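Q: structure for this input, please:
(chains A and B)
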Amino acid sequence: MTTRDQGEVMIEVDQLTRLYGPAPALQDVSFRAHRGEIVGFLGPNGAGKTTTMRILTGYLPPTSGRASIAGHDVVEDSMAARRNVGYLPESTPLYPEMTVWSYLEFMARLRGVADRDNAIERAMERVDLNDRAHQQIGRLSKGLRQRVGIAQAVLHDPPVIILDEPTIGLDPRQIREVRALIQELRGDHTVILSTHILPEAQQVCDRVLIIHRGQIVAEDAPGKLTSQLPGGQRVRLSLGQGANGVASVIDGVAGVKGVRDEGGGAYTIELETGADPRAEIARAVVQNDWHILELTPQGMSLEDVFLELTREDLERDPAAAFDDADEFEDADGNEDEYEEEGELDE
Amino acid sequence: MSNLLTITRREIGAFFGSPVFWVLATAFMVFSGFVFSIIITRPGAQADMLPLLGLYGTVLLFVAPLMSMRLLSEEQRSGTLELLMTSPIDDWQVVWGKWLGAFVMLSVIVALTLFHVAVMLRLATEGMDLGPLAASYLGLLLLGAALLAIGVLTSSMTQNQVVAGFLAVMTVLILWFLPLGKDLLGSESAVGATLAYMGLSDHYFNFGQGLIDSRDVLYMVSVVVGSLFLATRILESRRWR
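A: The predicted model follows:
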């Protein structure tokens, strides 16, 4: 079995399925998160991110499959599992009529925190809210309210923190603050956060799970995802005016998988895996007497990966993608990548 | 138990911070004070609170649903219910804790009328019979407890507190007037007797006559337990939908 240097498995999800009526919101989702890891759920709205989080926090039971937090099954041992989780639901639910302090005190009591005053002060310090203790929550700005929500989630110093869309609806400065805050949680806490903002996942997370239609379609470190994808290499070609029939000519070049006309003389050329036909493309351009303005290789951004994986007509078999994710622990091919990150150790 | 009281404490705080409570308390006191002053200034007035307390009961039919309509519907609308239901606390504790908070506040409103009792005690030349008075107050509190529980139940069904309040008033009025069936069907009709037993008003007025009958107490307690049990199940069912 594979274990992780920095700590034990804090979240274990096995073959989780959740049906709403006959329609599956989640289908056979399995993953693990270790102590100190920040895992991002990436996916379009309605992909199953919130459902997964709600199952982990004990709000929804799974239709089938198992999930455990710090070794406690979320269904059979729900109270113990809940005690180990700090949760910020998507809408940042707060009681607007309460002051920051009284709200946090209420949550501390519910979580059975022993030394409440200390815990509240520490949590407020963490999210930089100290001077707001006696302000009414309803009068705080959205960014500050988000911080109150995060303070609530870290109040009892739980090993697992689950944040559903923690930066949604914030302005750019507030988003940066919240991201910095999440970074600070790295270490002792295992953090799961969901987002559909790709740079966010790239910046904050150690590992990203791309969820689409209730399934995990890819799982890796943000940097690895982009290189892993088939057809990952692209070239951008810009031509001067008067170039006709470009697509069909370039498409005929060996090593070119496809050509997309971006308009205005710009083309995106998708390459076969491992091929680099840039010289041939340039020759074809010159032979046709076109004026070449730009020929640039383009790495795929996480955004491209995301769009590629969540395209309506999934070219990749989602079941196959999922199998990869499921077996990442024993699959030797993947293991090397994790070792580089210092995340997995045989 | 401490979790339940945590919910109750927060609820009481929320009542003090909400205009609805102050408006209701003021309206109740203005109304009861007005009626009280009419009764005691009548020539030859008896030192008798019982008719008054009967009247207070009917006012509660509207006050209690207004106090309880917010309890669970607002939590569902704002999403705070998700926070409560993912905290290490049982669902029934949320429901009972909220009900208890409302009941404490309703008791405060009812207790304000003790001022009237004090005035009457001063004015009564021949003293007052405190036994029936105590029974009436017990009836009033039990009625309030039952009405609030019905309000908690309707509040668990919807995110909209106005709908919850409306449903509660309708339910309460139907239960209140159920004993009318006895008059319609004749007193020897079994159906009529059953309706009368199921209704709120007959049980309540028994207290008003100074009687503490265990059947009446049991009825009110059953309404509380039954309503809150159903409300808990409805909340739980949200997890499965």
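Q: list the contacts of residue 192.
A: You didn't pick a chain, so chain A it is. A:11, A:33, A:38, A:39, A:40, A:41, A:53, A:56, A:160, A:161, A:162, A:163 (CB atoms under 8 Å, 6 or more residues apart in numbering or on different chains). Yep, even glycine has a C-beta here, placed from its N, CA and C like the rest.
Q: other chain: chain B
A: B:181, B:182, B:183, B:184, B:185, B:186.
Q: gap between it and residue B:201?
A: The spacing between residue B:192 and residue B:201, counted by CB to CB, to the nearest Å, is 14 Å.
Q: so residue A:41 sits in a strand?
A: Yes - applying DSSP: H, G, I helix; E, B strand; the rest coil, one finds residue A:41 inside a strand.
Q: quick one: the strands in the stretch 51-200 of chain A, in order.
A: Assigned by DSSP state E, counting those that start in this stretch, the strands in the stretch 51-200 of chain A fall at A:64-69, A:72-73, A:85-88, A:160-164, A:190-195.
Q: any part of stretch A:95-104 near chain B?
A: Yes - on the criterion CB under 8 Å from any CB of the partner chain, stretch A:95-104 is in touch with chain B at A:95, A:97, A:98, A:102.
Q: try stretch A:80-89
A: Yes - for stretch A:80-89, a contact with chain B is found by CB under 8 Å from any CB, at A:80, A:82, A:83, A:85, A:87, A:89.
Q: what are the contacting residues of stretch A:45-53?
A: Under the contact criterion CB under 8 Å, 6+ apart, stretch A:45-53 has outside partners A:13, A:16, A:18, A:25-26, A:29, A:41, A:43, A:60, A:87, A:90, A:162, A:164, A:192, A:194, A:196, A:211-215, A:310.
Q: quick check: phi and psi on the residue in chain B that chain A sits nearest to?
A: Chain A sits closest to residue B:79 of chain B, with a gap of 3.5 Å, by CB to the nearest CB. Per-residue torsions, residue B:79: phi 90, psi 0 (degrees, to the nearest 10).
Q: and for the worst-scoring helix or strand of chain B on mean pLDDT, what's in contact with it?
A: Using mean pLDDT, DSSP states H and E, the weakest-scoring helix or strand in chain B turns out to be helix B:180-185, at a mean of 77. For helix B:180-185, the external contacting residues (CB under 8 Å, 6+ apart) are B:189, B:191, B:192, B:193, B:195, B:196, B:199.
Q: show the buried residues in those residues.
A: Buried residues within these, defined by neighbour count using 16 or more other CB atoms under 10 Å in any protein chain shown: B:192, B:193, B:195, B:196, B:199.
Q: flag every buried residue along stretch B:113-121.
A: Within stretch B:113-121, the residues scored as buried using 16+ other CB under 10 Å are B:113, B:116, B:117, B:120.
Q: same list, the residues you listed, but as CSV with distance to residue B:134 please.
A: As requested, the buried residues of stretch B:113-121 are arranged in CSV below (distance: CB to CB, whole Å):
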residue, distance to residue B:134
B:113, 13
B:116, 15
B:117, 10
B:120, 14
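Q: min pLDDT across the residues you listed, which one?
A: Minimum pLDDT for these is recorded at residue B:120 (81).
Q: next secondary structure element downstream of whichever strand or helix holds that residue?
A: Per DSSP states H and E: residue B:120 is located in helix B:114-123. Using DSSP H and E, the helix or strand that follows helix B:114-123 towards the C-terminus is helix B:130-157.
Q: how near is residue A:42 to chain B?
A: Between residue A:42 and chain B the distance is 22 Å, computed by CB to the nearest CB, to the nearest Å.
Q: contacts only, for that residue.
A: A:194, A:195, A:196, A:198, A:201, A:208, A:209, A:210, A:211, A:306.
Q: appreciated, that's everything.
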